[in-house]
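Asks: no sequence on hand, only this structure:
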């Protein structure tokens, strides 16, 4: 799989994604500078975490105007796979590629901790190879991760199987206590209606080796690889 | 020039220092020149009161790639890759404006690491505040934590560890010590040098503004009393996004090799950055002050030279390299502006509008007078030390009730509320994260090795005996990393003290450095970098002497790393370092128990460095052989608190097989040094016992892991859930339930 990892000034999980895709999974992977526009050689685009352009306004609000974003929109509209992680999710929402917004965490603090993710659907290119019924254990690291969307759109997301991950207890129960940021319906990740653009607040790239405490994140990247190796 | 006391006071220069300047210069300095002297002769930059003491610390090691004190941070060779480390204080800025003070403390230490050409891979911090029940301390505490969180998270450097203490002594003067670790391929190591005359000085990163003027001389090098709000303009304002792109741009430059020298702008801004490079390379400088990019046009040459605006670095390049340097910084959206040239005059000349504004020999600026700091032991200390703690009565309540009181004291209780606001996973190297072990552990990618790091200090113990307290700080930092299996390689120190011009503080500083040196020599670890923060007092009260030690160790086999949580039912628990329950009342000296339960800070602390050294070596040996499942040292809160913490972290109980007879207060809550509790599978018991015996380390089997309760003796039992509830969620105190006072 040929993957491109977008680098905005202020992005920091670009190198973590590169390490997983290139060093752990042996995939051909390159960085895409925010001013580049030619994405023709890639099968998958990763928009990683960080603070694009400092995110002093609203997370992702400046990044959506980067030259690369126009190309990513075309890439997505042509059916290319795009995964936005943390800041990448925020950017995708700001760019209109995903519905909803990410507001400040309900407790108004940055939060870094391990969470459990209930996999709500396996019928996406990003989750199709996940065989376990157990929640995925991955870390979060964000100050603006409270997903919010209008009631009508939320109904559509639920109806159309677009909720991909929900924060849950280790046993899979979706509870208020397991929600680290006040996201509506415990939403941690969603997919667009064409099912080729995924946004998620947790960091699967930080959970791909047992030595780091979990390798549950691998199954997401493995799904993407399996989806592109047709 | 008619110099006034007020002017000198602002610059933290004494009358005699001024006279020395006039004598050495052969004339009166002008206002700008005096400002340069004030900054570079300040305690913060010039180490007038501490240099002679610091020179006595051990700094030799085969692994060192640069001499300590010469470059921005110490560099330790691990073979193929080198680790850079340093700790620095930002105490006074954080007292005045906690958010920006702490944030720029992080930014500053990161640039020190960056100046070595190293990628910053970990942050730690050592923090001290007044009791959280005080409104002021509560506000400072929360501001500092948010500042560290905002800055560290944005630049993508994980905050992997640290320690936080609370005491009345820090009420008016909190301590904010930030430590950074970086990794560099030795062949890309950068140095703060000018190279040959004709080379070009390029100022890169942020524009220069009015913030932080007199930060080094005025803020860091004097005590401050009333009107601290008026000092706010001396605190710098951080922009972590700029720092992040500055990191990437500098590291890209370092990889190309298209430069000569790299230096950060920290305390005393452009003045100290440029003059230090020239001093090292024995060259001169000519700076065109008009070419410095400014945020506003109204800055005077004086303000430009002394501004401590953040996120700036100095690049020195040959004329041929300048275009490439500019291209790299432009790619990252940053300015790289030529502000001067290297000359062969050995003088620093500052020009504006073609006119010379300052002209001083570099050597004069970098050689402040050095003072011998020593004092006599104060009588009050002798009387505190001779207090007879054996006369204290054993509490009437049950031991578990005392345990709960200690677990919920802010010094002992969980700091989760703090560290969950810091990203500790980014860069994907964190193997032991905050709350899992006695030290943080990071793996080194593409290798089986790792590093462990810890930062420690105990002001209460140093207050009661500066020399022994200094030695204990070293011992504890090394013990913490040994508990993960790492062998200590290097230390960095931050010396937080009061006004060294008083007898008592001079005594404390002198003896603490002695103790640090003694322990470091015993453990054969060099002190590779450090920082001194003096004049930490407010309203006439000096803080506890608080030397803080950052330790770095190497782990040869990352798969054998050990945490501090109890793991498995029926595992046995050994206490290493003692063969019987402690009944020496001196172990209560300076303990958390003594302060919380009896309201006393008294007694004579002690440490046996030979036992400590052997104990740490034993612990590492047991870990490297894969024989133990957890290791946790005994520190604040004593043996029973340590056991409780291992239960809480492992979500599993413990049953003590034997009990102390009479003085359970000493046995359970004394804080004697050189004690580690380890858990092990019963099948390894014989093997471990023979190793421990042959190493000559006293030990005792104290209990067995299992169940859901902590049981001591026949009658006392408490659930791990209750322990957890008391240990967690104390910080910050609930505004509604706790008595917050002004």
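Replies: Arrived safely, thanks for sending. Values in this document were obtained by computation on a predicted structure and should not be read as measured data.
Asks: count of neighbours near residue B:474?
Replies: 31 (other CB atoms under 10 Å in any protein chain shown). Just so you know, the C-beta spots here come from the backbone N, C-alpha and C atoms, and that holds for glycine as well.
Asks: surely it and residue B:488 touch.
Replies: No - Residue B:474 is not in contact with residue B:488 according to CB atoms under 8 Å; the separation is 9.1 Å.
Asks: list the residues that contact both of the two?
Replies: B:523, B:525, B:551 (CB atoms under 8 Å, 6 or more residues apart in numbering or on different chains).
Asks: what's across from the last one in the sheet?
Replies: In other words, residue B:551. residue B:454, residue B:491 (DSSP bridges).
Asks: what pLDDT does the model give it?
Replies: What the model reports as pLDDT for residue B:551 is 98.
Asks: that one and residue B:483 touch, don't they?
Replies: No - Residue B:551 lies out of contact with residue B:483 (CB under 8 Å); the separation is 11.4 Å.
Asks: the more surrounded of these two?
Replies: residue B:551 (32 against 28).
Asks: the more buried one: what's it in contact with?
Replies: B:439, B:453-456, B:474, B:477-478, B:480-481, B:488, B:490-491, B:525.
Asks: in JSON lines, list those along with pLDDT.
Replies: Converted to JSON lines, these look like this (pLDDT from 0 to 100):
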{"residue": "B:439", "pLDDT": "96"}
{"residue": "B:453", "pLDDT": "98"}
{"residue": "B:454", "pLDDT": "98"}
{"residue": "B:455", "pLDDT": "97"}
{"residue": "B:456", "pLDDT": "96"}
{"residue": "B:474", "pLDDT": "98"}
{"residue": "B:477", "pLDDT": "97"}
{"residue": "B:478", "pLDDT": "98"}
{"residue": "B:480", "pLDDT": "97"}
{"residue": "B:481", "pLDDT": "97"}
{"residue": "B:488", "pLDDT": "97"}
{"residue": "B:490", "pLDDT": "96"}
{"residue": "B:491", "pLDDT": "97"}
{"residue": "B:525", "pLDDT": "96"}
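Asks: can you put the residues you listed in CSV and add distance to residue B:605?
Replies: Output for the contacts of residue B:551, formatted as CSV (distance: CB to CB, whole Å):
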residue, distance to residue B:605
B:439, 22
B:453, 25
B:454, 20
B:455, 20
B:456, 14
B:474, 14
B:477, 16
B:478, 17
B:480, 18
B:481, 22
B:488, 21
B:490, 25
B:491, 20
B:525, 21
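Asks: what sits against the spatially closest residue to residue B:390 that is not a sequence neighbour?
Replies: The shortest distance from residue B:390 to any non-neighbouring residue, by CB to CB, 6 or more residues apart in numbering or on different chains, is to residue B:585 (3.9 Å). By CB under 8 Å, 6+ apart, the contact set of residue B:585 is B:388-390, B:392, B:603, B:663, B:666.
Asks: what do you get if the cut-off is 6 Å, keeping everything else the same?
Replies: Each residue near residue B:585 by CB atoms under 6 Å, 6 or more residues apart in numbering or on different chains is listed here: B:389-390, B:666.
Asks: quick one: which of the contacts of residue B:551 is nearest to residue B:85?
Replies: Using CB to CB, residue B:490 comes nearest to residue B:85 of the contacts of residue B:551, at 6.5 Å.
Asks: who's in contact with the closest one?
Replies: B:76, B:526, B:528, B:552.
Asks: what's the residue nearest to residue B:390 sitting at in phi/psi?
Replies: phi -60, psi -20 (degrees, to the nearest 10).
Asks: report whether the lengthiest strand in chain A contacts chain B.
Replies: Of all segments of type strand in chain A, defined using DSSP state E, the longest is strand A:111-119. Yes - interface with chain B: strand A:111-119 contributes A:111-113 (CB under 6 Å from any CB of the partner chain).
Asks: surely residue B:336 touches residue B:323?
Replies: No - when contacts are counted by CB atoms under 6 Å, residue B:336 is not listed as touching residue B:323 (9.9 Å).
Asks: and the pLDDT for residue B:64?
Replies: On the pLDDT scale, residue B:64 is placed at 87.
Asks: how many residues are close by it?
Replies: A total of 18 residues lie near residue B:64 under the criterion other CB under 10 Å.
Asks: how far out from the middle of the chain is the one helix or strand residue B:302 maps to?
Replies: Assigned by DSSP states H and E, residue B:302 belongs to helix B:301-306. With CA atoms, centre = their mean, to the nearest Å as the basis, helix B:301-306 stands 30 Å off its chain's centre.
Asks: buried residues, it. List them.
Replies: Buried residues in helix B:301-306, counting neighbours by 16 or more other CB atoms under 10 Å in any protein chain shown, are found at B:301-306.
Asks: helix or strand right after that helix?
Replies: Using DSSP H and E, the helix or strand that follows helix B:301-306 in sequence is strand B:312-317.
Asks: could you list the residues in contact with that next one?
Replies: In contact with strand B:312-317 (CB under 6 Å, 6+ apart) are residues B:194, B:199-202, B:204-206, B:259-261, B:263-265, B:273, B:325.
Asks: of those residues, which belong to strands?
Replies: B:200-202, B:204-205, B:261, B:263-264.
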